[in-house]
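Colleague: just to be clear, the model below is a prediction. Sequence and coordinates:
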Amino acid sequence: MLPTAELHIHIEGTLEPEMLVRLAARNGVKLPTTDIDELRARYRFTDLQAFLDLYYANLPVLRTEQDFYDLTSAYLARAATAGVRRAEIFFDPQAHLRNGVPLEAVFAGLSGALDDADDISADLILCFLRDLGAEAAEETFRAALPFRDRFIGVGLDSAEVGNPPGIFQDVYRMAAAEGLHRVAHAGEEGGPDYVWEALDVLGVERVDHGIRAMEDVELVARLRDDRVALTVCPLSNVALRVVDKLADHVLPAMLDEGLLVCVNSDDPAYFGGYVDDNFAALRGKLGLDEQQLATLAWNSFDACFASAEQKARWQAEVTASAEHGAWLV
Ligand code: HPA
Ligand SMILES: [Zn+2]
């Protein structure tokens, strides 16, 4: 197993049907069905919005600090088996606030699980729901400031097309003033113009997805020259029909262009696998070789927000693993 960092993972997207049923029973929340196979059969999507509709519909089962703790602990345990050494985990506070869950419970559950995980280094990135607009994002940011020491950055997710990054300029400026890292989803369903805006208006350090950047040669040059990381999620792109099939994915072309790309699972409960499953698919279905897989793992540590010394230690581990054939997952 290659050691890796996972930098694009929505904790709410790790809600497996089994956990969904368990939490629904614990909290007295009614589900359309409690049959695991039926629930899993619903995890099929035509596009990003179809996925988001189900993702948000399932979230009311998360009510208490313990629920957030259990969800996060289960992800961290699974990620450890996938070779994850470092996780930078997105969460959607607005989705929980509108379900009546106080921020205290969300932060306490998430950070409690992170504190108790001794085999993975992990931190939180607070995401704004772009379809709720800029004012709601600013209000959420102010409400989260008392918990400033519990998260290391801000991100932008949910329905992309029609909600361009630029409208969030002010809240990203506020985050920068707080010394927070800045990332944003851009170029998943939206075009290269959204990636330009994320870079130039929001000042992001990493782009989440960013695969449509490949349609713009100037943008590719900018991303390469500035060593901007792109957190690519191959199985997600297939599940949401952003690409027809894995064999058509632009990831090999991104590597050939010398872009700082890494591999991530996005919403593993919904998209058919964790980061190790993504690596296995890249090897089996896309034909990536050991050198390419090791580069992806190495890049993930380059792109993460840990200390330079820690990053170098993990990268040395990747190199040693690659030499011993550890890409054979
Ligand atoms: O893949 C995603 N894209 C956009 N928003 C999201 N929120 C959770 N997962 C996603
Ligand atoms: Zn995502």
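Modeller: Right, received. Where do you want to start? Ligands and ions are numbered 1, 2, ... in the order given.
Colleague: what residues does the stretch 101-250 of the chain put near ligand 1?
Modeller: For the stretch 101-250 of the chain, the contact set with ligand 1 under C-beta under 6 Å from any ligand atom comprises 157-158, 185, 188, 236. From N, CA and C alone the C-beta is placed, and that goes for glycine too.
Colleague: farthest pair in these?
Modeller: Farthest apart among those by C-beta to C-beta are S158 and S236. That separation is 14.2 Å.
Colleague: more neighbours: which of these two?
Modeller: Neighbours per residue (other C-beta atoms under 10 Å) separate S158 from S236, with S236 holding more: 28 against 20.
Colleague: isn't the more buried one right up against A269?
Modeller: No - contact between S236 and A269 fails when scored by C-beta atoms under 8 Å: they sit 11.5 Å apart.
Colleague: A316: neighbour count?
Modeller: A316: 13 surrounding residues under other C-beta under 10 Å.
Colleague: who are the packing partners of the helix or strand hosting it?
Modeller: Counting by DSSP states H and E, the element that carries A316 is helix 308-323. Contacts defined by 3 or more C-beta pairs under 8 Å, 6 or more residues apart in numbering; DSSP states H and E place helix 308-323 against strand 84-91, helix 290-303.
Colleague: among the ones you listed, which is the most enclosed?
Modeller: Across the helices and strands packed on helix 308-323, the average number of neighbours (mean count of other C-beta atoms under 10 Å) peaks for strand 84-91, which reaches a mean of 25.
Colleague: strand partners (parallel or antiparallel) of that strand?
Modeller: Strand pairing for strand 84-91, using DSSP bridges, gives strand 4-10 (parallel), strand 121-129 (parallel).
Colleague: what average pLDDT does stretch 69-82 get?
Modeller: For stretch 69-82, mean pLDDT rounds to 98.
Colleague: looking at the residues of the stretch 101-250 of the chain next to ligand 1, which is nearest ligand 1?
Modeller: D157 (3.6 Å; C-beta to the nearest ligand atom).
Colleague: before we move on, what SS does V242 have?
Modeller: coil (DSSP: H, G, I helix; E, B strand; the rest coil).
Colleague: around V21, count how many other residues there are.
Modeller: Neighbourhood size, V21 [other C-beta under 10 Å]: 17.
Colleague: now do it against D35, distance only.
Modeller: Separation of V21 from D35 (C-beta to C-beta, to the nearest Å): 9 Å.
Colleague: contacts only, for H96.
Modeller: H96 sits next to 59, 62, 103, 105-106 when contact means C-beta atoms under 8 Å, 6 or more residues apart in numbering.
Colleague: A helix includes it, no?
Modeller: Yes - under three-state DSSP, H96 sits within a helix.
Colleague: can you name every helix or strand that the host helix or strand of A57 contacts?
Modeller: Assessed by DSSP H and E, A57 sits inside helix 48-58. With contacts taken as 3+ C-beta pairs under 8 Å, 6+ apart, helix 48-58 sits against helix 268-271.
Colleague: ok, then the element right after the helix it packs on?
Modeller: Heading C-terminal from helix 268-271 (DSSP H and E), you reach helix 275-284.
Colleague: show me where the stretch 101-250 of the chain has its strands.
Modeller: Along the stretch 101-250 of the chain, the segments classed as strands by DSSP state E, counting those that start in this stretch run 121-129, 153-157, 181-186, 206-209, 229-232.
Colleague: could you export those strands to CSV, including columns for mean pLDDT?
Modeller: Compiled in CSV, the strands of the stretch 101-250 of the chain are given as follows (pLDDT from 0 to 100):
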stretch, mean pLDDT
strand 121-129, 98
strand 153-157, 98
strand 181-186, 98
strand 206-209, 98
strand 229-232, 98
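Colleague: does the next helix or strand after the helix holding A57 come close to ligand 1?
Modeller: Downstream of helix 48-58, the first helix or strand assigned by DSSP H and E is helix 65-81. No - Helix 65-81 lies out of reach of ligand 1 by C-beta under 6 Å from any ligand atom, never closer than 13.7 Å.
Colleague: and helix 65-81, what other elements does it pack with?
Modeller: Secondary-structure packing of helix 65-81 (3+ C-beta pairs under 8 Å, 6+ apart): strand 4-10, helix 17-27, strand 84-91, helix 103-116.
Colleague: what's the most buried one of those?
Modeller: With neighbours defined as mean count of other C-beta under 10 Å, the helices and strands packed on helix 65-81 peak in mean count at strand 4-10, which reaches a mean of 29.
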